[in-house]
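1. Everything below, folded, please.
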Amino acid sequence: MKVTGVACHLLQAKVEKPFTSARGWLYTTRASCIVEITTDAGITGWGECYGPAAVNKTLIETQYAPRVLGRDPFDVEVVWEDLYNRIKDYGPSGFSITALSGIDIALWDVMGRAVGKPIHKLIGGAHRKEVIAYATGLYFTDMDRLVEEAVEEARGYAAQGFRAIKMKIGLGDPRLDLRRVQAVREAIGPEVGLAVDANHCFTVPQAIRLGRMLEPLDLLWFEEPISPEDHDGYVEVTRALDLAVAGGENDFTRWGFRDIVARKAMDIIQPDVCAAGGLSECRKIAALASAHGVECVPHAWGSAIGLAATIQWLAAMPDTPPAFRPIPPMLEFEQTPNPLRDELAREPIRQANGIVRVPDGPGIGIEVDREALMRWKVA
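-> Here you go, the predicted structure:
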């Protein structure tokens, strides 16, 4: 079997109710670069790239696609190494890896469809048939009701059965952040897990100060308290707090995570399968974390394709640490309105009482709805 085509679909959907986070960017659209790989056996595989879609599309079409044509999809890691070594002189992280991630996922999807097995069967088997999902939301929408809107949204997720919620912080005033988190914790009670995400908006002293204020609220983790480049700073924050520190959605490849994990700069790493190098590389990152006793809870943000690939990876990921009653890695199930997540698969991925079933169809486990693909395609 040989690759006969590599196509990129730039999808975009308007956000009806714009929202923002500590970064200050107003989300008015949701967009994604979807990779479609076709073969001479009539098998098609799908992948997704994290980040600005048009940049990923250009990188793939000009740098990667010509080197993938004619290759055997089952040589997926051979292809990965070839593409990485082709581009690393110009940037061994960032867009060069997010674009590579989409190709890698699509090749794994082809392999799974070729043998009629879900990807988790190809990467070691399923440790679980269901994954616990946590709801990501509670962005900043109504600046006059920041506390009230967070409480209302959190209660809604708890009513849907979510067992954990992640909320945004980073409003410029630690007292307001604290009041907002306190209100949400009180609203959902102690039985629903709660994590906070600062989108790397704090300095080291600010993060430590706010983290200590948040410690009594029994949080799952404090995500991206500081800038992702500052690994020394992460060590300081992690050592200073009796609260798990998480990060890594903006890190790439095994080399990008090597020092983070070896130094235990974070308690929890969060590689994104659509960003950090695809399934081939994320398996290595997770193994590296396991060897150093660091938890791995993947980041997920995008369409149904990236979500499905993340679930396949989670199914094959062992508990860290193993225990009589283990705490398995959770699925980030982002909840802001997104038709690319909800309408791109013929059978959308749903949660029930905070649980998502691992798709057992071939490859990534879902079938792409081409009508929906064309409805949202802009390039």
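2. helices and strands around the top strand by length along the chain, which ones?
-> In the chain, assigned by DSSP state E, the strand with the most residues is strand 3-19. The criterion is 3 or more Cβ pairs under 8 Å, 6 or more residues apart in numbering; DSSP states H and E, and the helices and strands that strand 3-19 contacts are strand 27-39, helix 53-59, helix 65-68, helix 95-115, helix 339-342, helix 370-376. In short, each C-beta sits where N, CA and C put it, glycine included.
3. Neighbouring strands of the first one in the sheet, and parallel or not?
-> If I follow you right, that is strand 27-39. Looking at strand 27-39 with DSSP bridges, its paired strands and their directions are strand 3-19 (antiparallel), strand 44-49 (antiparallel).
4. Tell me the buried residues in that strand?
-> For strand 27-39, burial by neighbour count (16 or more other Cβ atoms under 10 Å) applies to R30, A31, S32, C33, I34, V35, E36, I37, T38, T39.
5. report the angle between the axes of that strand and helix 95-115?
-> Between strand 27-39 and helix 95-115, the angle comes out at 50 degrees (axes from the mean of the first three to the mean of the last three Cα atoms, to 10 degrees).
6. contacting residues around the residue nearest the centre of the chain?
-> Nearest to the mean C-alpha position of the chain, by Cα atoms, centre = their mean, lies A300 at 2.0 Å. Contact criterion Cβ atoms under 8 Å, 6 or more residues apart in numbering gives D272, V273, G306, L307, T310, L331, E332, F333, E334 as the residues in contact with A300.
7. Which strands or helices does the helix or strand hosting E153 pack on?
-> E153 belongs to helix 146-160 when assigned by DSSP states H and E. Applying 3+ Cβ pairs under 8 Å, 6+ apart, one finds that helix 146-160 contacts strand 164-168, helix 174-188.
8. Compare those and give me the one nearest G247.
-> strand 164-168 (13.2 Å; Cβ to Cβ).
9. Contacts for the closest one next, please.
-> So strand 164-168 is contacted by 21-22, 132, 134-140, 150, 154, 157-158, 180-181, 184, 188, 192-199, 220, 223, 330, 332, 354 (Cβ under 8 Å, 6+ apart).
10. For the buried ones among the residues you listed, write the corresponding ChimeraX selection.
-> To isolate in ChimeraX the members of the contacts of strand 164-168 that are buried, counting by 16+ other Cβ under 10 Å, one can use:
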select :21,22,132,134,135,136,137,138,139,140,150,154,157,158,180,181,184,188,192,193,194,195,196,197,198,199,220,223,330,332,354
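11. taking the contacts of strand 164-168 one by one, which sit in helices?
-> A150, A154, Y157, A158, R180, V181, V184, I188 (DSSP state H).
12. Identify each buried residue in the longest strand of the chain, please.
-> Quick answer for strand 3-19 (16+ other Cβ under 10 Å): V3, V6, C8, H9, L10, L11, A13, F19.
13. do the same with stretch 160-177
-> F162, R163, A164, I165, K166, M167, K168, I169, G170, L171, P174, D177.
14. go on, stretch 234-242?
-> Those would be Y234, V235, E236, V237, T238, A240, L241, for stretch 234-242 by 16+ other Cβ under 10 Å.
15. ok, those residues vs R283, which is closest?
-> Nearest to R283 among the buried residues of stretch 234-242: Y234, at 23.3 Å, using Cβ to Cβ.
16. Would you verify that that closest one is located in a helix?
-> Yes. Assessed by DSSP: H, G, I helix; E, B strand; the rest coil, Y234 belongs to a helix.
17. In contact with it: list those residues for me.
-> I226, V245, G247, I260, A265, M266.
18. dump the residue contacts of R254.
-> Counting by Cβ under 8 Å, 6+ apart, R254 has contacts G277, E281, K284, I285, L288.
19. Return the residues in contact with the fourth one.
-> The reference is to I285. Per Cβ under 8 Å, 6+ apart, neighbours of I285: T253, R254, F257, I269, P271, A276, G277, C296.
20. what's the helix or strand for it?
-> Element membership for I285 (DSSP H and E) is helix 278-291.
21. Tell me the helix or strand right after that helix.
-> As assigned by DSSP H and E, the chain's next helix or strand after helix 278-291 is strand 295-296.
22. other SSEs contacting the helix or strand just after that next one?
-> The element immediately downstream of strand 295-296 (helix or strand, assigned by DSSP H and E) is helix 304-315. If contacts are counted by 3+ Cβ pairs under 8 Å, 6+ apart, helix 304-315 sits against strand 27-39, strand 44-49, helix 95-115, helix 119-122, strand 130-136, helix 278-291, strand 331-334, helix 339-342.
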